[in-house]
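In: Build me a model from this:
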Amino acid sequence: MTVYALSLIIVGKFYDRYGPKWVIVISTIFLSAGYMSISVIDSLWKFLIYYGILSAIGLGGTSVPLIAALTSKWFEKGRGLAISLALSGNCLGHFVLVPLFTILVLRYGWRASYFCIGLIMLMVNVTLALVVIRGDPDDLGKKPFGYKNIDKANEQKGQSSAGVNPRDLGLREAMHTYSFWLFLIAMFICGSGDFLVTTHLVPFVTDYDISLTTAGNMLAWLGLMSLAGILIAGPASDIIGNKIPIVLTFVLRFLLFLLILKYQNLASFYIFALAFGFTFLITAPLIPTLIGRLYGFSHVGLLSGFTTTIHHLGGGFWAYAGGLIFDQTGSYQLIFILSAIMALVAVFNSIFIKEERHQAAQ
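Out: Sure, this is the predicted structure:
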């Protein structure tokens, strides 16, 4: 997870400089090589290298942050909807492919399965990158969808595009704005909740005599509900902006942690899993749209990658903290109390983000 999280910053920088095509191709080669190499491992250290390093580096250039950044540059009108539709493939992939790969493992074994998955990713991703995916519209002399409509609206108001669009800001300049730091803290908290729940939901509910099968079903429904959340978040951002969906996400999470602290039964566990699943990927389409709104889209790859890195580092740390606290206390109560407090902090952080175009400090 650490290697993957850190790779997002590098991949984002390369994407902003060289475009998406070769970033996806090279990242896919790393990812596929890692998976196919796993099929011949005979020791733990080889698995750590092939999966923990090689595949993790490749995943950084083929996952949600880069696809979201790529999609964001091709749309002015309906940007949130477009990103949501693009990222919904991530949810559908989990829902459809995991059972298929499970059958593959059971029938042919894990070695053959890893090799086949790596080969499939290589063929599909490279074909899409070279044949279907195009570079950024500015590099191709094209305009994003809806660009003319926006220009016309500006002209009707007697404003020029240059007058309303200041220079895009990079990472160093964004760090000089308080909105960026508020957003980073909120995303750290978001990641902490995501990974805590997905890591510890099953052992938590099984401690209350819930069967392992039922607990697994809760986790599966959590993943499926994330599709609903992601499909609503993007279009909502087009209509009401990014702050309100983010604030409501953390309000809901605060209430859900309170629910799970007060009630521990099958109904409350299902409500928690379904509602938390709805919030699980809401910020995925909102990160690039909010970043673009605040700082422009010229460096959206790097800024989104950096933000997602903070998100995942928070997730890794809090998932580990949850296990450590449970080992020390024999209960998840303390970690859920702290998570509720953090969700409330994220609510106020999100409220105070200034959702307007920022300019470089003079």
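
In: Check the offset of stretch 52-64 from the chain's centre.
Out: 13 Å (CA atoms, centre = their mean, to the nearest Å).

In: list the buried ones in that stretch?
Out: 52, 54, 55, 56, 57, 58, 59, 60, 61, 62, 63, 64 (16 or more other CB atoms under 10 Å). C-beta: built from backbone N, CA, C; applies to glycine.

In: I'd like these laid out as JSON lines, including pLDDT.
Out: Formatted as JSON lines, those follow (pLDDT from 0 to 100):
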{"residue": "52", "pLDDT": "86"}
{"residue": "54", "pLDDT": "90"}
{"residue": "55", "pLDDT": "89"}
{"residue": "56", "pLDDT": "87"}
{"residue": "57", "pLDDT": "88"}
{"residue": "58", "pLDDT": "87"}
{"residue": "59", "pLDDT": "85"}
{"residue": "60", "pLDDT": "81"}
{"residue": "61", "pLDDT": "80"}
{"residue": "62", "pLDDT": "82"}
{"residue": "63", "pLDDT": "76"}
{"residue": "64", "pLDDT": "73"}
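
In: Closest to residue 295 out of these?
Out: residue 64 (19.5 Å; CB to CB).

In: Now that closest one: closest residue in space that isn't a chain neighbour?
Out: In space, and not counting its chain neighbours, residue 64 is closest to residue 284: 5.3 Å by CB to CB, 6 or more residues apart in numbering.

In: next one: residue 347
Out: Using CB to CB, 6+ apart, the nearest residue to residue 347 is residue 250, at 4.5 Å.

In: mind listing what the one you found touches?
Out: Contact analysis of residue 250 by CB atoms under 8 Å, 6 or more residues apart in numbering lists 186, 189, 190, 343, 344, 346, 347, 350.

In: For it, give me phi and psi.
Out: Backbone torsions of residue 250, given as degrees, to the nearest 10, read phi -70, psi -30.

In: that older thread, quick one: secondary structure of the residue nearest to residue 64?
Out: Recorded secondary structure, residue 284: helix (DSSP: H, G, I helix; E, B strand; the rest coil).

In: wait, what's in contact with it?
Out: Here residue 284 is in contact with 64, 68, 83, 87, 90, 230, 233 (CB under 8 Å, 6+ apart).

In: just curious, which of the buried residues of stretch 52-64 is nearest to residue 20?
Out: Distance ranking of the buried residues of stretch 52-64 against residue 20, using CB to CB, places residue 61 first at 8.8 Å.

In: so of the contacts of residue 284, which ones are in strands?
Out: Within the contacts of residue 284, no residue falls in strands by DSSP state E.

In: sorry, back to before: distance of the residue nearest to residue 64 from residue 237?
Out: To residue 237, residue 284 is 11 Å away according to CB to CB, to the nearest Å.

In: got the domain boundaries for the chain?
Out: Using automatic domain parsing, the domain ranges for the chain come out as 2-132, 159-351.

In: From residue 220, how far off is residue 102?
Out: In terms of CB to CB, residue 102 sits 12 Å off from residue 220.

In: which of the two has more neighbours?
Out: In this view residue 102 and residue 220 are compared by other CB atoms under 10 Å, and residue 220 has more residues nearby, 16 against 11.

In: how far is whichever strand or helix holds the more buried one from where the chain is centred?
Out: Secondary-structure element containing residue 220, defined by DSSP states H and E: helix 212-240. Relative to the centre of its chain, helix 212-240 is centred 13 Å away, using CA atoms, centre = their mean.

In: in it, what's buried?
Out: Neighbour count says helix 212-240 has 215, 218-220, 222-223, 225-238 buried, by 16+ other CB under 10 Å.

In: same check, this time on stretch 317-329
Out: Buried residues in stretch 317-329, defined by neighbour count with 16+ other CB under 10 Å: 317, 318, 319, 321, 322, 323, 325, 326.
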